[in-house]
Each structure stands twice: as C-alpha cells, then as structure tokens.
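Engineer: what follows is a predicted structure for the sequence shown.
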Amino acid sequence: MQPDSPRRADTKRVTLTEVARLAGVSRSAASFALNGRTDLRISAETAARVREAADQLGYSPNLAAKTLRTGKSGTVALVSDFVGTTSFANAMVRGALRALGEADTLLFTVDTQGEAATESRALQNLVDRDVDGLLYSSMFTRKVELPHLARRMPVVLLNCISDEPAVPAVIPDERAGGRTAARALLEAGHRDGIWFVGTFPTGFSGGAAWHGWSPLALTERLAGIEDELSESGTRLAGTIAIDSDWDVPNGHGAMQELLATGNRPTAVICANDALAVGAYHALQEAGLTVPRDVSVIGFDGGAYVNTVMPQLTSVALPHEQLGREAVRILLNSPNDPGVRRLPMPLLVGASIGAPGTPD
C-alpha cells in the first residue's frame with residue numbers, strides 16, 4: 001500500500017472494490033473490516049490498513065445498498081406535535097439523540113404543529129424512506145390516537161399513551177410526582193391550608209394553542225396529591241381553576257382569586273411552574289412573602305424555577321430520560337407492550353418553609 005496515495009479528486013463514488021485493491025485485500029475482507037464484523041478472522045493490522053485506504057480514497061458506504069442488504073437504514077424518526085419547536089420539552093429530543101448516537105443511528109425530527117394533514121405527509125415520507133422505527137411524541141402527556149401510517153413501522157409512544165395496549169409507551173409517573181409534591185409540604189409541617197392552583201373550569205379541556213387537548217398530568221398530579229394527603233390524615237383546603245391556560249398570567253389571576261375569597265393559604269401546589277411564578281407575583285402584590293407566609297411548589301422543573309426569588313421548588317419532568325428510554329425500547333424490544341412510568345425527581349429550591357415561621 002502506498003502511504004502517499006492521493007485522495008480522489010473526481011466526484012465519482014468510490015467503490016468498496018477500489019478500497020480493497022488499495023489495501024491489498026479481498027472485497028469481502030474490506031467489507032468485514034469496515035463493518036466491524038468479527039465472524040471472519042481479520043487481523044488488527046489488516047483492518048487498520050483497510051480503514052486507512054478508505055480514508056485516503058474518501059470512501060463512504062452506499063446506504064441505499066446497505067438498506068437493501070441488511071433491511072436496516074440506520075435511521076429513526078421522531079414525529080411530534082410541538083416537541084422540537086418549543087424549549088419546554090425538547091430535552092426529549094436531546095435524550096433520543098444521545099441514545100441513538102451511541103447506537104450509530106441517525107434521527108429525523110418532524111414537528112406537525114398538531115396538523116393532521118402535515119402529520120400524514122410526514123409519516124408517508126418516512127415510510128418511503130424505510131426508517132427503522134418511529135418515536136411518536138407529544139409535548140405534554142396526553143392520550144393520542146395513533147395514525148394508521150405509524151403502524152407500518154416499529155413505534156414507541158413518547159410522553160403519550162393510546163388505547164392500543166400492544167404499543168409500548170414511556171411517560172412520566174405523574175401520580176407519583178403528585179405524591180412527591182404533597183410529601184414535601186407534609187415533611188415541612190404543613191397539614192391545613194394547602195391549596196391546589198390549576199384545575200380546569202367546567203367544560204374546559206385545554207388551551208386553544210394546544211388544540212384543546214386535555215393533559216393527563218392535571219388529573220394524575222392532583223390524584224397523587226390527594227392520595228398522599230389522605231394517607232396522612234388531611235386533605236386539600238380547596239382548588240382554584242385557571243381561566244384559559246397553564247401560564248404566568250393565569251397563575252397570577254388564580255392566586256388573586258384565591259386571596260380575594262378571604263382564604264389565607266399556608267401552602268400552594270401549582271399544576272406547573274408557570275402558574276407558580278404567577279402565584280409568586282400575586283402573593284408579593286398582597287404583601288405576602290414566600291415561604292415565610294406561604295410555601296409554593298410547582299411541577300415541570302424547567303427554566304421558570306430560576307426566574308423567581310427565592311428559587312422555586314419543583315417536581316421535575318424527566319424529559320431527557322424519557323427520550324433515552326423510548327429509544328432503548330425501540331431498538332431492543334419494540335414488541336414489548338406496556339406503559340413505562342419514569343420517576344419525577346424533586347428539585348429542591350427555597351420556596352418551602354414551615355407554616356407560620358420565618359424563612
């Protein structure tokens with residue numbers, strides 16, 4: 001082999017035969033060396049010589065031919081509503097990317113903005129490209145109807161569930177997360193005067209921006225809170241509904257409404273961190289201090305926890321872990337049905353104190 005062999009200057013695809021010729025080995029030996037196969041005895045020196053020849057010639061494998069030969073394209077798709085285009089949940093993409101990178105697999109990502117026609121076109125395109133599998137994902141945990149085209153490839157539901165028990169799904173353990181929030185307040189000494197902020201008003205299912213979809217998180221978080229309090233011999237003092245969405249203005253308005261009733265909460269559990277930030281603002285306007293007068297805890301564990309002082313305590317969504325686990329199932333056991341619920345860790349800030357004592 002000539003160490004100074006020049007890299008080809010033309011644009012014609014370099015063939016495996018040319019690599020083998022430069023390395024002085026058979027075509028099959030070159031193929032085995034480049035694919036890391038161990039079922040043919042090839043010395044480390046020979047394998048290194050093949051890789052060096054491939055590098056000198058600028059060889060890249062013909063992926064279309066590889067797909068025909070192996071039945072695998074080395075690609076996976078993540079199709080979601082808003083995951084990739086919002087900062088809130090795109091850590092799921094990061095988790096999936098990292099897990100797929102370890103498996104030398106590429107990821108296509110498609111956001112449909114919740115539009116059925118866009119989703120149908122994207123899925124058909126992915127089927128035509130012979131992707132090896134599909135992560136069908138939602139920005140927030142909800143029940144989905146799996147599209148017919150999605151069933152034409154191995155699929156794992158990411159941050160959503162369906163009525164099809166044969167389809168594996170990975171979601172946060174929201175009910176256990178609710179228990180965690182309630183337990184944090186109980187351990188600080190709270191028993192009476194604990195309110196929940198963030199229920200939906202009668203007839204309301206979800207914000208208009210999210211197509212009116214109803215999140216599973218609300219009912220499961222609230223159920224977990226009520227279970228934990230009940231087992232400790234207490235219960236919520238009450239719940240306050242939001243007007244239109246789980247955002248800062250709605251949290252502000254809901255807390256104003258609660259204070260206007262004359263009730264003085266000792267602690268407030270908010271359905272998410274955005275509502276908790278709005279609650280902070282309303283409490284401060286009323287001359288109340290967190291956590292000396294009112295303890296506050298939220299859910300999600302995103303950027304909002306660092307936008308208020310004292311730092312908000314929050315039950316975090318394990319977004320990156322969700323992405324990783326969904327990939328693990330897709331690559332290793334896509335036919336293994338069931339819903340996997342991942343733990344939601346408590347991010348301890350400084351917004352919880354003993355009732356009626358200085359922070």
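Structural biologist: Done, it's in. The structure displayed is predicted, hence computed values, not measured ones.
Engineer: can you pull out the strands in the protein?
Structural biologist: Defined through DSSP state E, the strands belonging to the chain, from first to last, are 75-80, 106-111, 134-143, 155-161, 169-172, 194-199, 238-241, 267-270, 295-300, 313-316, 339-342, 346-347.
Engineer: out of the ones you listed, which is closest to Leu229?
Structural biologist: The minimum distance between Leu229 and the strands of the chain falls on strand 194-199, with 7.1 Å, by CB to CB. From N, CA and C alone the C-beta is placed, and that goes for glycine too.
Engineer: what's around His281, how many residues?
Structural biologist: 16 (other CB atoms under 10 Å).
Engineer: distance of the residue nearest to it when sequence neighbours are not counted from Gly95?
Structural biologist: Of all residues beyond its chain neighbours, the one nearest His281 is His252 (5.1 Å), with distances taken as CB to CB, 6 or more residues apart in numbering. Plainly put, His252 is 32 Å away from Gly95 if you go by CB to CB, to the nearest Å.
Engineer: same thing with Thr199?
Structural biologist: Thr199 sits 30 Å away from Gly95 when distances are taken as CB to CB.
Engineer: those two: which has the busier surroundings?
Structural biologist: With other CB under 10 Å as the criterion, Thr199 and Gly95 differ in neighbour count, and Gly95 comes out ahead with 21 against 17.
Engineer: list the contacts for the residue nearest to that one when sequence neighbours are not counted?
Structural biologist: The shortest distance from Gly95 to any non-neighbouring residue, by CB to CB, 6+ apart, is to Gly323 (2.7 Å). Residues in contact with Gly323 (CB atoms under 8 Å, 6 or more residues apart in numbering) are 91-99, 135, 158.
Engineer: let's see it at 7 Å
Structural biologist: Taking CB atoms under 7 Å, 6 or more residues apart in numbering as the definition of contact, the neighbours of Gly323 are 92-96, 99, 158.
Engineer: per-residue confidence for it?
Structural biologist: According to the predicted model, the pLDDT of Gly323 comes to 96.
Engineer: and the longest helix belonging to the chain, what does it pack onto?
Structural biologist: Ranked by residue count under DSSP state H, the longest helix found in the chain is helix 216-231. If you count contacts as 3 or more CB pairs under 7 Å, 6 or more residues apart in numbering; DSSP states H and E, helix 216-231 packs onto strand 134-143, helix 174-187, strand 194-199.
Engineer: let's see 6 Å
Structural biologist: Counting by 3 or more CB pairs under 6 Å, 6 or more residues apart in numbering; DSSP states H and E, the packing neighbours recorded for helix 216-231 are strand 134-143, helix 174-187.
Engineer: and the ones you listed as a markdown table, adding mean pLDDT and distance to Leu331?
Structural biologist: Shown next, in a markdown table, are the helices and strands packed on helix 216-231 (pLDDT from 0 to 100; distance: least, CB to CB, whole Å):
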| stretch | mean pLDDT | distance to Leu331 |
| --- | --- | --- |
| strand 134-143 | 93 | 11 |
| helix 174-187 | 98 | 26 |
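Engineer: dump the ones you listed into JSON lines; add distance to Glu52 and mean neighbour count as well.
Structural biologist: Converted to JSON lines, these look like this (distance: least, CB to CB, whole Å; neighbours: other CB atoms under 10 Å):
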{"stretch": "strand 134-143", "distance to Glu52": "37", "mean neighbour count": "24"}
{"stretch": "helix 174-187", "distance to Glu52": "53", "mean neighbour count": "22"}
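Engineer: want to throw these into CSV with distance to Gln284?
Structural biologist: Conversion of the helices and strands packed on helix 216-231 to CSV gives the following (distance: least, CB to CB, whole Å):
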stretch, distance to Gln284
strand 134-143, 28
helix 174-187, 20
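Engineer: relative to Leu218, which of the ones you listed is closest?
Structural biologist: Set against Leu218 and scored by CB to CB, those come closest in helix 174-187, at 8.7 Å.
Engineer: so what touches that closest one?
Structural biologist: Outside helix 174-187, the residues that touch it by CB atoms under 6 Å, 6 or more residues apart in numbering are 194, 217, 220-221, 223-225, 228-229, 232, 267, 269, 297, 315, 344, 346, 352.
Engineer: hang on, the earlier thing: nearest to Glu257, of the strands of the chain?
Structural biologist: Of all the strands of the chain, strand 238-241 sits nearest to Glu257, with 6.0 Å by CB to CB.
Engineer: for that closest one, buried residues please.
Structural biologist: Residues of strand 238-241 classed as buried under the neighbour-count rule (16 or more other CB atoms under 10 Å) are 239-240.
Engineer: repeat for stretch 318-332
Structural biologist: Neighbour counts over stretch 318-332 (16+ other CB under 10 Å) mark 318-327, 329-331 as buried.
Engineer: show me the shaky parts of the stretch 51-200 of the chain.
Structural biologist: 60-73 (pLDDT under 70).
Engineer: whoops, I mixed them up, the stretch 251-359 of the chain
Structural biologist: Short version for the stretch 251-359 of the chain, where the test is pLDDT under 70: 357-359.
Engineer: that one: helices as residue ranges?
Structural biologist: 273-285, 319-332 (DSSP state H, counting those that start in this stretch).
Engineer: including distance to Ser28, could the ones you listed go into JSON lines?
Structural biologist: Output for those, formatted as JSON lines (distance: least, CB to CB, whole Å):
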{"stretch": "helix 273-285", "distance to Ser28": "58"}
{"stretch": "helix 319-332", "distance to Ser28": "27"}
